[in-house]
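[1] Sequence and predicted structure are below.
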Amino acid sequence: MIKKHGFLFRKAYSEWEEDKKMFVRDAGGEKEATKALEDLKRAFQQSSPGYPVECKRITVRDAADVAGFLENYESAYRIYCQFTHGAMRAVLGHLDDTTDTIDTPMVSWCVLQMLDHLQTDTPAQIPNLVPFRKRLIRPD
C-alpha cells in the first residue's frame, strides 16, 4: 500500500519523462508522447476518481520518504551514492576513513532487509534472524 496519495502517478510521470527523452525525435513523436501522457492521466483518474495527477518529477528522496527509508537516505545513501556516482572524493579515497568503520554493518543491514522482504513477499523460509540483528546493533 502506498502511503502517499499521488505518488504512483508522479512515479509514472517521471518514467514517461525519461522515455520521452529516449524516443521523441520530432513533432510527430512529441504529439504521440503528449497523447500517451493524457492517456496516462485519464487512466489514473478513471481507476480512482479524485486521484491527484501532478506532473512533477519524483526524486530519490521522495521515493525514500514513501518507502519509510528517509533516515537511511539522509545518511547512508548520501555517503554511499558518492561511490556509485564516481564523486572525486570517493575516487581519490577521501571518503574511505568515513565509511570503512560502517561498511560491514551497512552491508549486513542491507542483507537483513533483503531477507525480511524475501520472507514477507515470497514463499522463502528464512531462519530466525534475531541473533544477527542483535549482533548488528551490539557488535561486542
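    Ah, there it is.
[2] so who does the spatially most central residue of the chain touch?
    The geometric centre of the chain, computed from its C-alpha atoms, lies nearest to residue 63 (C-alpha atoms, centre = their mean), at 5.0 Å. By C-beta atoms under 8 Å, 6 or more residues apart in numbering, the contact set of residue 63 is residue 11. Placement of C-beta: from N, CA and C, glycine included.
[3] Let's verify it: helix, strand, or coil?
    Look at residue 63: counting by DSSP: H, G, I helix; E, B strand; the rest coil, its state is helix.
[4] how many other residues sit next to the closest residue in space to residue 109 that isn't next to it in sequence?
    For residue 109, ignoring the flanking residues on the chain, the nearest one in space by C-beta to C-beta, 6 or more residues apart in numbering is residue 136 at 6.3 Å. Using other C-beta atoms under 10 Å, residue 136 has 16 other residues around it.
[5] Next one: residue 136 from residue 124, what distance?
    Shown here: residue 136 relative to residue 124, a distance of 20 Å by C-beta to C-beta, to the nearest Å.
[6] where does this protein dip in pLDDT?
    1-2, 138-140 (pLDDT under 70).
[7] Which residues in the helix of greatest length in the chain does the neighbour count mark as buried?
    Secondary structure of the chain read by DSSP state H shows that its longest helix is helix 27-47. Using 16 or more other C-beta atoms under 10 Å as the test for burial, helix 27-47 gives 33, 37, 40, 41, 44.
[8] Redo those residues as JSON lines? Include distance to residue 82.
    Formatted as JSON lines, those follow (distance: C-beta to C-beta, whole Å):
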{"residue": "33", "distance to residue 82": "34"}
{"residue": "37", "distance to residue 82": "34"}
{"residue": "40", "distance to residue 82": "34"}
{"residue": "41", "distance to residue 82": "37"}
{"residue": "44", "distance to residue 82": "36"}
